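**Student:** Any chance you could fold what I've pasted below:
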Amino acid sequence: MKIFDCVVHNKPHTSETGWVLKKWQTEQGEVEGWGCADVRYPEFVSQEIKNDRVTFASDMLQSHRGGNLSKEWIEAYPERTKALVKQGIITKQEVKKAKNVWGEVKGWEKGKKIDSSDLVKKL
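**Tutor:** Now for the predicted structure:
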């Protein structure tokens, strides 16, 4: 079995198929060499941005998803919810019937921050 060094992943692979010789855009800049053809658009996100996604996740939280009022949003923004009810934009019944629409997003639990990198993937 041959081992190939992939310039995209910067590690060896054993697959003999799916290799492309071209210029690749990597974190280190543009690199020419053999790389895995299955990699189309690698994501390059700094650790600072990943941390900010967690820190500011509640700022990205939407009030509705798929037409359903978000219980998570109501818990995160109780004063805004009261103001929307007072303005007649949403009703008290809608607030009572609100569902956890972001529940499958990793990291969202009552009283905790959301890992919004997963939240963004769900939108």
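
**Student:** Mean confidence (pLDDT) on stretch 86-93, please.
**Tutor:** Summarised as a single mean, pLDDT over stretch 86-93 is 93.

**Student:** For it, measure first residue to last.
**Tutor:** Start-to-end span of stretch 86-93 (C-alpha to C-alpha, to the nearest Å) is 13 Å.

**Student:** same check, this time on stretch 61-72
**Tutor:** Termini of stretch 61-72 sit 8 Å apart (C-alpha to C-alpha).

**Student:** what sits up against that stretch?
**Tutor:** 73, 76-77, 90, 94-95, 97-103, 108, 114, 119 (C-beta atoms under 8 Å, 6 or more residues apart in numbering). From N, CA and C alone the C-beta is placed, and that goes for glycine too.

**Student:** Just the ones in helices from the residues you listed, please.
**Tutor:** Among those, the ones falling in helices (DSSP state H) are Trp73, Ala76, Glu94, Val95, Leu119.

**Student:** So if we follow the domain assignment, how does this protein break up?
**Tutor:** Domain ranges of the chain: 4-36, 47-122, per automatic domain parsing.

**Student:** Can you point out the buried residues in the first one?
**Tutor:** To tie it back to what came earlier, the one meant is domain 4-36. Neighbour-count burial for domain 4-36, counted by 16 or more other C-beta atoms under 10 Å, picks out Cys6, Val7, Val8, His13, Trp24, Thr26, Trp34, Gly35, Cys36.
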